[in-house]
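[1] predicted coordinates and the sequence they were generated for:
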Amino acid sequence: MKFDASKDGLLTLFKPYQVALLEHLWGLNSQARTGLTSSQAYTFLWQTSDRELRKSRASVIFSLNDMVDDGILEYEEESGKGGYHRVYYPKMNREEFAKHVKKTITDKLNEVFP
């Protein structure tokens, strides 16, 4: 996550393709817990009509793993063809994410400017 005050909405924190992935994951999980592999995430982005969202598979994987490191997503490893692969799930819903971001930014600002 990187804060850019010149942008709007989730684009303040993420690149457009990352926003699309988060929105897609939240949508998938609105009724039941549903995971997404990096391959499925890559395919989702390439099936959109917006060319700006089409990124390399490596970019998608790095992005998903960065969101895990930031505490936004979590994953489970599942065995599959060729070994184990990660299945990504949202760690929090949209509302919980909003609270998380507010707290993170506020805490950091209080640390920098006591």
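    The structure has been received and is ready for your questions. None of the values given here were measured: they were computed from a predicted structure.
[2] going forward, measure contacts and count neighbours with C-alpha atoms only.
    Fine.
[3] count of neighbours near the residue nearest to Arg57 when sequence neighbours are not counted?
    In this structure, Arg57 finds its nearest non-sequential neighbour in Tyr42, 5.9 Å apart by Cα to Cα, 6 or more residues apart in numbering. Number of residues near Tyr42 (other Cα atoms under 10 Å) recorded here: 22.
[4] what's the longest helix in this structure?
    helix 94-112 (DSSP state H).
[5] contacting residues around that helix?
    Helix 94-112 has contacts (Cα atoms under 8 Å, 6 or more residues apart in numbering) with 26, 72.
[6] gap between it and the chain center?
    Computed by Cα atoms, centre = their mean, to the nearest Å, the chain-centroid distance of helix 94-112 equals 17 Å.
[7] for the residue positioned nearest the centre of the chain, which non-adjacent residue is spatially closest?
    Centroid-nearest residue in the chain: Leu22, 4.4 Å away (criterion: Cα atoms, centre = their mean). Nearest residue to Leu22, sequence neighbours excluded (Cα to Cα, 6+ apart): Pro90, at 7.9 Å.
[8] state the phi and psi torsions of the one you found.
    phi -70, psi 140 (degrees, to the nearest 10).
[9] who is it paired with across the strands?
    Leu73 (DSSP bridges).
[10] can you give me the helices in this structure?
    For the chain, applying DSSP H gives helices covering 16-28, 38-46, 57-69, 94-112.
[11] would you turn the ones you listed into JSON lines with mean pLDDT?
    Putting these into JSON lines (pLDDT from 0 to 100) gives the following:
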{"stretch": "helix 16-28", "mean pLDDT": "96"}
{"stretch": "helix 38-46", "mean pLDDT": "95"}
{"stretch": "helix 57-69", "mean pLDDT": "96"}
{"stretch": "helix 94-112", "mean pLDDT": "94"}
